[in-house]
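Colleague: curious how this folds, go ahead:
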Amino acid sequence: MKRWIENLGDLTWPEAGEVFSREPVAILPIGATEPHGPHLPLDTDVVIACEMARRAALKLRTRGMPAFVLPPLAYGTTEFAAGFPGAVSLTRETTTGIVRDIGVSLARQGVRRFAIADSHLEPEHLAALHDAVGQIEREVGTRPVFLDLTQAKWARTLTDEYRRGECHAGAYETSLMMAVEPESVREKERVDLPAVHIDLATKIREGAKTFREAGAEAAYFGDPASATPADGHETYEILSDMLVAAVLEAWPVVLKPAHPRKNGAPRPAEEKAPAKPNSAGAAP
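Modeller: Okay, the predicted model is just below:
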C-alpha cells in the first residue's frame, strides 16, 4: 500500500480485508452538529473526536496493537442546543441504533474489537452510547470500549476548566480546535468573548434542559479568550492516552517471545516478559 492504514474510508475493499484479518481495534469517532459559541464551527465535537481517535490509533500501533479509525459519526442526541440555528439532533433511540449497527456490522466481518471516541457530552447522548455498548455486547459477545469523559476517573485528569463544568466551547474545546484546525476558529470573535463561569454539569443536575436555561445565551461556557494551541495539544495527548489505556485494559497486548539466541546467551531483561498495558491518563 502507498500509505499507512489510518482511516477505513481511505481503503479499497481488498485492503480493508487485509486490515480486518489482523484482529484490529476499530475506533469510531463520535461528535455532534451543534452550536459552539459564536467562535467555533458546528462540527467542533466531530473534529475533536477524530483527532483523539487518530492519535490513539497511532499510539496503539506503536504498542503492537493493530488499529484503524472509522469514518466519524457527525450527529448525536443534541437537545441542549435547541433554539440555536445549526443544531441537528438524533433521538436517543436513533443514536443507539446507529452505533449498535456499526458495531454489529464490524463483528460480522471479524472485527470484534470496537472502541468509541466520543466528545459530545450531553447526558441523553451518553446514555444512548451506553445502551449501544450493552446491545453490542449481548449480540456479539464482546464488550466495546467506551471512554465516557464524564466519569470521574477520566474527568479528573483533564483541565481545570473542564473539571469546573465549563466544558462547552470554552478554553477546553477552543484550545483543542486551535491545535488542529486554527483556520476554523473565528479569532476576531474569540478574543473579545467574556468568560461565562457557569458549571453546566451542576445546572443540568438542577434541571436545566437547554444551554439558555443554564445561562449560556451565546451557546458557550468557560473562557474562550484564554485558549491556546499548546493547551490543545497537551489535552489531545491526555485524551488519546486515556483511550489507549482503556483499550489495553480490555485487550492487553501480549508480545511474541524473542527467537532463542544462537550462542545460548540469556535475553535482556526487557525481553523476558510482555509489556504491561500503558495506564497513562487512567486515574485510580
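Colleague: all the strands of the stretch 51-200 of the chain, residue numbers only.
Modeller: Ranges of strands in the stretch 51-200 of the chain, per DSSP state E, counting those that start in this stretch, are 67-69, 113-118, 145-146.
Colleague: low-confidence stretches in the chain?
Modeller: Low-confidence segments of the chain (pLDDT under 70): 1-5, 254-284.
Colleague: and the longest helix for it?
Modeller: helix 229-250 (DSSP state H).
Colleague: surely residue 71 is in contact with residue 8?
Modeller: Yes: look at residue 71 against residue 8 with Cβ atoms under 8 Å: they come within range, at 6.5 Å. Just so you know, the C-beta spots here come from the backbone N, C-alpha and C atoms, and that holds for glycine as well.
Colleague: so which of these two has more stuff around it?
Modeller: residue 8 (20 against 13; other Cβ atoms under 10 Å).
Colleague: contacts only, for the closest residue to residue 166 other than its chain neighbours.
Modeller: Setting aside the residues directly before and after it, residue 166 is nearest to residue 222 in space (Cβ to Cβ, 6 or more residues apart in numbering), at 3.5 Å. Going by Cβ atoms under 8 Å, 6 or more residues apart in numbering, residue 222 touches 161, 164, 166-172, 195-197.
Colleague: nearest residue to residue 112 other than its sequence neighbours?
Modeller: Per Cβ to Cβ, 6+ apart, closest to residue 112 is residue 142, 4.5 Å.
Colleague: about what we covered before: looking at the strands of the stretch 51-200 of the chain, spot the one closest to residue 157.
Modeller: strand 113-118 (15.7 Å; Cβ to Cβ).
Colleague: I'd like to check the angle between the closest one and helix 229-250, please.
Modeller: Relative orientation of strand 113-118 and helix 229-250, computed by axes from the mean of the first three to the mean of the last three Cα atoms, to 10 degrees: 150 degrees.
Colleague: return the set of buried residues in stretch 44-60.
Modeller: Neighbour-count burial for stretch 44-60 flags 44-57, 59-60 (criterion: 16 or more other Cβ atoms under 10 Å).
Colleague: one more: stretch 221-241?
Modeller: For stretch 221-241, by 16+ other Cβ under 10 Å, it's 221-227, 229, 231-233, 235-236, 238-241.
Colleague: the helices in the stretch 151-284 of the chain, which residues?
Modeller: Secondary structure of the stretch 151-284 of the chain, counting by DSSP state H, counting those that start in this stretch: helices at 152-155, 160-163, 171-180, 187-192, 200-205, 211-214, 229-250.
Colleague: which residues touch the fifth one?
Modeller: By Cβ under 8 Å, 6+ apart, the residues outside helix 200-205 that reach it are 123, 150, 165-168, 208, 213-216, 221.
Colleague: so what's the residue count around residue 182?
Modeller: Residue 182 has 11 nearby residues by other Cβ under 10 Å.
Colleague: try the one 10 residues further on
Modeller: Under the neighbour criterion other Cβ under 10 Å, residue 192 is assigned a count of 11.
Colleague: on that earlier part again, now do the longest helix of the chain: which elements does it pack against?
Modeller: In terms of contacts (3 or more Cβ pairs under 8 Å, 6 or more residues apart in numbering; DSSP states H and E), helix 229-250 is packed against helix 44-62, strand 113-118, strand 145-146, helix 171-180.
Colleague: out of these, nearest to residue 107?
Modeller: That would be strand 113-118 among the helices and strands packed on helix 229-250, by Cβ to Cβ, at 7.3 Å.
Colleague: okay, that closest one in PDB with CA atoms only?
Modeller: Output in PDB follows, covering the C-alpha atoms of strand 113-118 (Å, rounded to 0.1, in the frame of the first residue of the first chain):
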ATOM      1  CA  ARG A 113     -12.600  -5.000  19.000                       C
ATOM      2  CA  PHE A 114     -14.600  -1.900  18.800                       C
ATOM      3  CA  ALA A 115     -13.900   1.400  20.600                       C
ATOM      4  CA  ILE A 116     -15.800   4.700  20.800                       C
ATOM      5  CA  ALA A 117     -14.000   8.000  20.900                       C
ATOM      6  CA  ASP A 118     -16.800  10.400  21.800                       C
END
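Colleague: quick one: contacts of that strand?
Modeller: 23-31, 49-50, 52-53, 56, 99, 102-103, 106-107, 125-126, 129, 133, 136, 142, 144-149, 243, 246-247, 250-251.
Colleague: go again using 7 Å as the cut-off
Modeller: 23-30, 49, 52-53, 56, 103, 106, 129, 136, 144-147, 243, 247, 251 (Cβ atoms under 7 Å, 6 or more residues apart in numbering).
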